[in-house]
Every structure is written in C-alpha cells, then in structure tokens.
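**Student:** Provided below for reference: sequence and predicted model.
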Amino acid sequence: MSAVRVENLVKSFEASRGHAPRDVVNKVSFEVADGEFVVLVGPSGCGKSTILRMIAGLESVTSGSVLLGGRLVNDIAPKDRDVAMVFQNYALYPHMDVAQNMSFGLRLRGMPRDEIQRRVDRAAAVLGLDQPENLLGRRPKALSGGQRQRVALGRAMVREPAVFLFDEPLSNLDAKMRVEMRAEIMRLHAELGATMIYVTHDQIEAMTMADRIVVLCNGEVQQTAAPLEIYHRPANMFVAGFIGSPAMNFIRGHFILEGGDMVFVENADSSSPHVMRLHWAGGIPRPPVELFRQVVLGLRPEHFHEAAPDGDASISFSAELKSVENTGPEASLHLRTAGHELTVRVRRPPGAGTDALRLVADPAQVSLFDPASGRRLS
Ligand SMILES: Nc1ncnc2c1ncn2[C@@H]1O[C@H](COP(=O)(O)OP(=O)(O)OP(=O)(O)O)[C@@H](O)[C@H]1O
Ligand SMILES: [Mg+2]
C-alpha cells in the first residue's frame, strides 16, 4: 500500500475579491511508496507548497483525494494525520533551548517524560546535535543557520511520523551548507526508512535527492519518473528545458532522406554556411517521424563535441562562436548556426581567435518533440 496517494487533487483560490476562483492545483495525481523519497519540483508559483499543505491538512482540498496509508484524510485534522512538515522558515521558540524546542510538541500532547527523553536523544544523535559539541542546552540565537535547520528537522523527527513533508527547507542556507544539509537529509532518510516528500524549485536538489521526481508547471503534473529517466527522456519541452543546466538546446527543423540515411536539417536560411545537419548513420535506429514534418529536436549541451580534424565531414556541421564561459573543469560555448543559438559544453575551451567550430552531435541522445503540443515524439 502506498504511504501517500493524491488523486485528481484540485485547489481553487479566489484571486482577489470579485474575481472568479482560479485553479492553482489542477487534477494532480501521484503516489509515494512506503519509504520512498519523492521530490516535487517546478517553477515558483506552480503549486508545490499548496499540494504539500493539502497533504499536511493545513489547506482544504477543493476536490480530489488525499490518502495516507490507504486512508482518505481529506477531513482529518492535521494533528491526526501522522505527518510532520519542515518549512523554509522554521520558527524556533527563541526563549527555549534546543532540547525544549524539539520536545515542545510532545510535551503539549502529554507524552511520558522518559519517552520524550528517548526520542530527543535519538534525534540529537542522528543529527549530531549532541557531539562533538553538545548543543541541546543552547538557545536558537546562539546557533548557526545550519544548526537551527537541524533543530527544525529534529522537531519533526521526534514526532516519529509516518510521512515527512519538506517545503524548501534549505533555501535560507548558503551553498556549502545546502550541500551538507542535503546529505544530512538523505542520510536521515536512509536511517529512518521514512516516507519523505520534498519540495524544491532547485532542479539539482531534485536530481540528487529523489528516488522519483514529480515535475509540476502551472498546477499540473508534467512528468513523474526517476531522475535519470526525466533527464534522458523528458516527456515534453517544459520538462526538457527545466531539468538540466545549461538547458537543453531546442532546434526546429525536419528530416530528409539522404543516401539512405535520415538527416535532420534545421529551419534556416540555407545560403548560410552554418546550416545544422545531423545524420542518423550506422546502427542508430531511425527516429519514428515522417519526412518533412516540422519537429523540435532537443540536445543537451554535453551531447555535442568538436569534430576531429580528420573526421568524416559529412556528419559534422559548423557554427559561429559567439562567446565562451569558463567554469573551471569545462567551458560552455555559445554558438550560432544558420537558424539557432546553441549552448555546447566542452572540456577544453577553443584557442584564442577561433570564430567558428566544426561540431558533431550524437543522434542517439536526441529527444524529438511536437512543436505544437511540446510533447515527446519518441
Ligand atoms: N491563500 C491564497 N490565496 C490566493 N492565491 C494563493 C494563495 N496561496 C497561494 N496562492 C497562489 O497559488 C499559486 C501556487 O502557490 P504555491 O505557494 O503553491 O506555489 P509554489 O510552487 O510553492 O511556489 P514557490 O516556489 O514560490 O514557493 C500561486 O500563484 C499563488 O499566488
Ligand atoms: Mg512554495
């Protein structure tokens, strides 16, 4: 039985007085298996927090269902749902020390003292709040941002909930601390084996943490799959453009047949010397699209490389070099073909004075999309 299931979940808000209600979550369905780590990712305003708050019971459901452990909980109070939520703005009580902050909710419920002690000790040990330095007696103002975030995690942990919900819990931390806390949460997941739903707009966080990712846009699910499936086989152009940085290149064009090979030709002024052509030569399966049909071809920046000087010229194309961004281990090249701008990632930047490059792209890595609907064709 899945730990969490949402079915055709809808949330309407009145945009402002007198305006018709607007669906900010529109027929969203997904399942989270017991012990699974699922990340909800999407741009700001796509409905991530609203979905999480409906699962927690902090927001009413307009229509559809929220099931926890197979039980319909639409009308069950948050405190009776056995979920714990960690927010971006984890307000700790300033006048209580760390141990008191963590145990406050349990004390409120009248839990026996030794049970509270056991849970706080365990959380402190898992989160490293007891050593090397014992922070349990400190007030929040004497803690770093990362330590405070750990206390907020501890407060959720001591409840020993069936499901943890995280709403961008790391966005107030600096880059280094984020990476550390990311590892910490994943360790926590491995150790507790708990079901976790994690919301972020950061695609790197989604890719590195998730067992499965749910990509959202405008309140609708775009794709639900494992990170690498999302990366290599995005269901539509939104997902393809959102996941991956620098973003996937989109090139409009069509296929022709040349010497028995399918060849993609970009839409462009054909008198330019830089028309992009890609040959489906060798054993690479032909794309299942009709000749001359307009398509959008998607290729990630790392799926291009510079053609070898003595390579087969018929499978390469040239592009004008506009600018180079060095990131250290590699460089991003911004190029222009006859009809499109391209971003290409290479190990070594081209030498000074280079104004055009010959490139080869790997047809096996291509995604093809329908230009009208944006949907994946193959
Ligand atoms: N109480 C409310 N009344 C009216 N509209 C709301 C309310 N709460 C949220 N919204 C709207 O619902 C949409 C989704 O909001 P939500 O907070 O779920 O987005 P989000 O994906 O979490 O974004 P972010 O990444 O910025 O946190 C937004 O357009 C927001 O303006
Ligand atoms: Mg949000």
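**Tutor:** That came through fine. Ligands and ions are numbered 1, 2, ... in the order given.
**Student:** residue contacts, the residue of the stretch 101-250 of the chain found nearest ligand 1?
**Tutor:** At 4.6 Å from ligand 1, residue 201 is the closest residue in the stretch 101-250 of the chain, using Cβ to the nearest ligand atom. Where you see a C-beta, it was placed from the backbone N, CA and C, and this is true even at glycine. With contact taken as Cβ atoms under 8 Å, 6 or more residues apart in numbering, residue 201 is in contact with 41, 42, 43, 44, 48, 168.
**Student:** cool, residue 245 as well?
**Tutor:** For residue 245, the residues meeting the contact criterion (Cβ under 8 Å, 6+ apart) are 203, 204.
**Student:** about what we covered before: got a ChimeraX select line for the buried ones in the contacts of residue 201?
**Tutor:** Burial among the contacts of residue 201 is assessed by 16 or more other Cβ atoms under 10 Å; the matching ChimeraX selection reads:
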select :41,42,48,168
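**Student:** State the pair within the contacts of residue 201 that is farthest apart.
**Tutor:** Distances among the contacts of residue 201 were taken as Cβ to Cβ; the most separated pair is 43 and 168, at 12.8 Å.
**Student:** ranges for the helices of the stretch 1-150 of the chain?
**Tutor:** Using DSSP state H, counting those that start in this stretch, the helices found in the stretch 1-150 of the chain span residues 48-56, 98-108, 113-127, 145-157.
**Student:** Could you check the angle the longest one makes with helix 145-157?
**Tutor:** In this structure, helix 113-127 runs at an angle of 140 degrees to helix 145-157, with axes from the mean of the first three to the mean of the last three Cα atoms, to 10 degrees as the basis.
**Student:** if we can go back for a sec, which of the contacts of residue 201 are close to ligand 1?
**Tutor:** 42, 44, 48 (Cβ under 6 Å from any ligand atom).
**Student:** Buried by neighbour count: which residues of the longest helix along the chain qualify?
**Tutor:** Scanning the chain for the helix with the most residues, using DSSP state H, yields helix 175-192. Residues 177, 178, 180, 181, 182, 184, 185, 186, 188, 189, 192 are the ones in helix 175-192 that count as buried (16+ other Cβ under 10 Å).
**Student:** The following helix or strand past that helix - what's its average pLDDT?
**Tutor:** Downstream of helix 175-192, the next assigned helix or strand under DSSP states H and E is strand 195-200. Per-residue pLDDT values over strand 195-200 give a mean of 96.
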